[in-house]
Each structure stands twice: as C-alpha cells, then as structure tokens.
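Visitor: only geometry, no sequence info:
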C-alpha cells in the first residue's frame, strides 16, 4: 500500500497552551463509544471548549481567527495518559496535520506517527516565539521541514530547530509511516520465531 | 556482562529490524476489549487480512459494561452495539472471549493474570495503557493504540524501539496502613508524570520482594502514569505460586520446564541499568492526589501546596489544578468533604484489596451524604468475595456491591460523577473530566483510604479511623 512521503507540513497554526495535556482532555471517554473513528473531529477538546464557552472565553479551537489551522502548538508531555488512538484521530479529523510541542508522551507520539501526523519537539522558548507570531498574525504560514529539521514562517524572521526520533522521521519521509506493510512483509520470519519459543510452540498452531 | 529481563525478553521476541530502524517485536499474548478493537477488526477486513494467531488472542468486555443493570440489551445503545461487535468479531475469528455469561468476564488486566494467561518472560500487548500491570509477572507488557491492535491481530508483532531501563529500588518495611498504592503514588510524585519517557521501569528491592503478586500489579499498573512505557518486577517464587494451577498455566512436566525458564528470565545480578533510583519504604506515608495529574500528590498529613513553592515547571499546572479542584493552597487534605467513594479498577479491584478493607469496616457505616460503590475487578473475584462473605460486609456498611467492570474509573459506562462531585477513588487517573463529568474532581488513594473517606464523609487518615499503628 503506497503511502505519501511526508517531508514537510505547511499551514496556519493554533496554540493550545498547557503542559501535561492528557488524552482524556483531547477526547473525553464518553465520545469513544463507537465502532469507527468517524465523527470524532467534532469532539476534540470538547470539555475544555465547553468550559471556556461557559466562562465567556473562546477556546483557541473555537476562535474564528485560527479556523482552518492545520498545525497544533502546545507544551510539554503532550498527549499523556491513555493509549487511546481516538486522541490523534480526533485531532486529525478536526483538521490538524502536525503537532509541535515541547515533548510528547510516547504512546500518543507513536499513534500520531502511524496516522501520518508528524509530532515534532521544539524548545519552550521557540514555542513561545511561534505562539506570539501566530497571535499577532493568525494567517502566518508555518512550515515544518522534516529533512532540514526546522520550523520556519513565511515572510517572518523565525527559524527554530526541531527534533524527532530518527525512526519516525525515516518512516514519515519515506512513506512508511503506517508500519502494517512492513510488518506483513515479515510474516515468514514471524512464524519461524514463534516456532522457536516454547510457550508459543505449545500454545500456538 | 549480565542482561536485564528486558534484554532477555527483547532478544527472544525480536523478529527482525525494520527499514525504519525499529524492531519488529513478537507479541506472545494479545489481550483485547470492546473499546480499542472494533476499528482494528474493521481495518483488518479493509486490508483483507486475517487474525494470525487466534489462540494467542483473548478478549473481555470491561470499559462500557454497566455494573448494575447488566442484562442485555444495555440501556445505552452505543455500549450495547460495542459488546455485540466484539462478540461478532470473536465468533468470526475464533478468539476466546471471556464474555458476560462465561463467569470469567472482568477488567482485562485482572482477567489475564487470574486466568494464568499472564506469564513471566512473555511479551503482552493490549489496547489500553494500564497493560503495564502484567509486568508484575516479569512480562514486558505494552499499552497500544488501535492501529497497533490491528498490527498485532494481523502479524502478532508490532513496530517498536527498545526502551532504556531504570531500576527503581524500594527497600525496607512499609509502616502499618501504608500500601502498594501509596508506594506507586510516591514514586510518581518524585519522578514525575514524564520522568519515565523512554524507559522501562524495573521495580525491585526488599519491599517488592515481600509484596504479593496483587501488590506488585498495583504498582506496575501505574508505571504508565509515570511516563514509562512498561513496568515490571522480576519473577520469583511468589510469582510461580500465584500461577500454579490456574486455567492457562502450564501443567505437569511443562510446569517444571516453564518454572526453570521463568527463573532464568529474571535480570542477572551483574546487569547494568541506564539509571537507578532508591526509595525507603519507611519514608512513605498514606498518599492522596490533590490535583489533576497523578504526580500532584501529598501525604495525608500535608496540605495543598502553594504554586510558588513548587519548581517552576510545575507551577502552571498546579494553578490550573487548584482552580479545577476548588481547593486552596495551605488547606490540609484531611477534612476535604467527599461526595462519592469508588473502590475498584484495574489498580485496586482485586480480592486482596477487598479483603483488606472488609477486615476493618465491620460495625462502621458509610456517611449519609456519600455514595459508595465497590466494584470487584472480575466475575471471578466477585464470586470468591461473595462466598467469603465480603459482599455482605460491604452491603452492611452501606456500600453498593456491583458487577465487574471498569466502572467509575473513566466514565464510559453509567457509573459517572455528576457536576463537581469529589470522589475518593482507588483508580489510577485524576485528569479533568476523567470520571465522566467535565467538572468532576478525583482524589486517588489506597482502598483503605477510600473506605475511611466513605465512612467519615471526608478525606481522612485511615490509620486513625481504624486504629492502625
């Protein structure tokens, strides 16, 4: 199955500030009672958005200034907590195509990469700088370059270094970010390995 | 140079190195449930793939199942659709389903071990982050996302990088009234919710040597809350005795051969860890979380912290927590009025948890304003508890005795908080909205502390309530 090679993501940004934003916040569990992922986009950050609305504030994801943004910017340990893939699925279906954060929880990072949504780490300082640019000009076009390992903004003097584990960068840029094809390629070796492990030989057919 | 348990299990289960540099790791045992499997089975159908090893795949229903009205169809049509979807998927593919009528249904991380499916030296995966629980048996157990559930169903493998290993030593004797739950909360408080990123946690030391398997499971259950991908305890005689005679445990000559292999799986005395930390059991007091992450915890005799007294990186989240929890800095946690008490979950829903509480609550009554529920972690646990008379002890004291499931841990079934109710909970997460109400508030603590709060109507020191010293 041919997947797109993802070497860069360009789009407008939206800043959702905060550290340790967990996957319960990204997609509350009550919206996960489904047998497909359809329709999850609408419920991204549902409780936080409702909370802001009730308090007379506008959550960044409801702010018309940032409508159509495809790059999400946040703090450290983004996506911590539950392994629910519903979290990156809801962000993807909301319209996000990349996440820039100070750091990511591992399972969230893996789930996002598998969907072809790059998660790149940037320093706290640079995140603050980019957030300020987005705030002053929501139309600013941000480019995340996975081969140059940097984030730049069109017509603005901003360039920040980003990092990503090598295997994820390799997978995204070569179009192998959904590992199912590679895993299926190894099926003969899988059967050989199973045959060499006692607890599996005895239990597997 | 010696090897860690992680090294040994990784080496044995490595199928090959993938083009992107990750390992194609064989998953010996795949546990599935109704929330993270339907889309995975759907993806398999779309790709024209089959379940490779149905007999290495085991299912149960736990997250959405009601704990009171359990007759089907469930009152929630979405929940009903999910259990029927899992039933259909298992019937079509030959996967064993510990379904509601089987008498063996329950929370997946309680069912695996009690069935003897969870064994040392194996790799285990499940579409649920608390899969780390199974590491208590010296297994390498991963919480995975739905696409990875698809990967394991189709190929019995997943693509993953090998973590580093942090050895966490807890030595000494826990004081009376201090439990495994306090140990795990204490570790997370000190290492942080992201301290474990990139690491497997190997727990050891004399405290762990003396723990039962159920206590080890409580600690490993929350490895993920500390950011660690997996957590484990080296298998020993305690592990083997727990497994002896269970339905899926090896028998006869195979048992002896397995025990010999399991012993060899443990980390070698001369292995080298990437990092080592030390804790003293005597330093640990009953612990409660006060905020919105599992690391925002204090001892029972402490107060809500002042954000300015915390490290800079923790201040913003602390301010947010104080606002959400509707507490004030400087207020002691003792005395915080609770509305709901929840005893259950994959962290503390096992027989020993129920037994320990039942030991102390005879003659006491749940405070009139408190709704207190006890949810045994599996039908198996419920059956034994009922036979031992524990259910009756709980009911006598004013607790509701429920059927097995994830219940109030995460708000996907009818057991939810209402409004900004404050819940004393034996579960593992206190995130905003976790227990089903966006303004709901959760304080995590040990089962006995939950019981003490239920009886007192407020957060309190269980040791004083029950005269433990």
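Guide: Received the coordinates, thanks. In this text, all values refer to a predicted model and were calculated from it rather than measured experimentally.
Visitor: residue B:195 contacts residue B:227, doesn't it?
Guide: Yes: with contact defined as CB atoms under 8 Å, residue B:195 counts as touching residue B:227 (5.7 Å). In this view, the C-beta of every residue, glycine as well, is placed from N, C-alpha and C.
Visitor: neighbour count winner among the two?
Guide: The neighbour comparison of residue B:195 against residue B:227 (other CB atoms under 10 Å in any protein chain shown) goes to residue B:227, with 23 against 19.
Visitor: for residue A:106, see how far away the closest residue to that one other than its chain neighbours is.
Guide: Spatial nearest neighbour of residue B:227, chain neighbours left out: residue B:196 (3.7 Å); criterion: CB to CB, 6 or more residues apart in numbering or on different chains. As judged by CB to CB, to the nearest Å, residue B:196 and residue A:106 stand 9 Å apart.
Visitor: now do the shared contacts for these two.
Guide: By CB atoms under 8 Å, 6 or more residues apart in numbering or on different chains, residue B:196 and residue A:106 have these common neighbours: B:227, B:229.
Visitor: tell me the buried residues in the helix ranked longest in chain A?
Guide: Ordering each helix of chain A by length in residues (DSSP state H) puts helix A:124-136 first. Along helix A:124-136, these residues count as buried under the neighbour rule (16 or more other CB atoms under 10 Å in any protein chain shown): A:126, A:127, A:129, A:130, A:131, A:133, A:134.
Visitor: ok, stretch B:368-384 next?
Guide: By neighbour count with 16+ other CB under 10 Å, stretch B:368-384 contains the buried residues B:370-382, B:384.
Visitor: can you lay out the buried residues of helix A:124-136 as TSV showing distance to residue B:77 and pLDDT?
Guide: As requested, the buried residues of helix A:124-136 are exported to TSV (distance: CB to CB, whole Å; pLDDT from 0 to 100):
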residue	distance to residue B:77	pLDDT
A:126	47	98
A:127	43	98
A:129	49	98
A:130	44	98
A:131	42	98
A:133	47	98
A:134	42	97
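Visitor: point me to the residue of the stretch 51-200 of chain B nearest chain A.
Guide: Taking CB to the nearest CB, chain A has its nearest neighbour within the stretch 51-200 of chain B at residue B:145, 3.4 Å off.
Visitor: who's in contact with that residue?
Guide: Applying CB under 8 Å, 6+ apart to residue B:145 gives the contacts A:83, A:84, A:85, A:88, A:107, A:110, A:111, A:114, B:36, B:127.
Visitor: how far away is it from residue B:53?
Guide: Residue B:145 sits 20 Å away from residue B:53, going by CB to CB.
Visitor: how about residue B:216?
Guide: Following CB to CB, the distance that separates residue B:216 from residue B:53 is 28 Å.
Visitor: same question for residue B:445.
Guide: From residue B:445 across to residue B:53, the span is 40 Å (CB to CB).
Visitor: higher neighbour count, the two?
Guide: Per other CB under 10 Å, whichever of residue B:445 and residue B:53 has more neighbours is residue B:445, with 29 against 23.
Visitor: what pairs with the closest residue in space to that one that isn't next to it in sequence across the strands?
Guide: Distances taken as CB to CB, 6+ apart place residue B:288 nearest to residue B:445, at 4.5 Å, with adjacent residues excluded. Beta-bridge partners recorded for residue B:288 (DSSP bridges): residue B:298.
Visitor: what segments of chain A are helices?
Guide: Taking DSSP H as the criterion, chain A carries its helices at A:23-26, A:46-54, A:86-94, A:106-114, A:124-136, A:166-173, A:180-185, A:187-195, A:198-201.
Visitor: which residues sit against the first one?
Guide: By that I understand helix A:23-26. Residues from elsewhere that reach helix A:23-26 (CB under 8 Å, 6+ apart): A:44-45, A:47-48, A:79-84, A:86-87, A:90-91, A:105, A:108, B:410, B:429, B:431-434.
Visitor: and if we set it to 6 Å?
Guide: Contact with helix A:23-26 is made by A:48, A:79, A:81, A:82, A:84, A:87, B:431, B:433, B:434, as judged by CB atoms under 6 Å, 6 or more residues apart in numbering or on different chains.
Visitor: closest to residue B:342 among the residues you listed?
Guide: Among the contacts of helix A:23-26, residue B:434 lies closest to residue B:342 (CB to CB), at 11.4 Å.
Visitor: and residue B:175, that's in a helix?
Guide: No: Residue B:175 is assigned coil when assessed by DSSP: H, G, I helix; E, B strand; the rest coil, not a helix.
Visitor: what parts of chain A come near chain B?
Guide: Counting by CB under 6 Å from any CB of the partner chain, chain A comes close to chain B at A:19-20, A:22, A:24, A:28-30, A:33, A:35-37, A:47, A:77, A:80-83, A:85, A:106, A:111, A:114, A:167, A:170-171, A:179-180, A:182-184, A:186, A:189-190, A:193, A:200, A:204.
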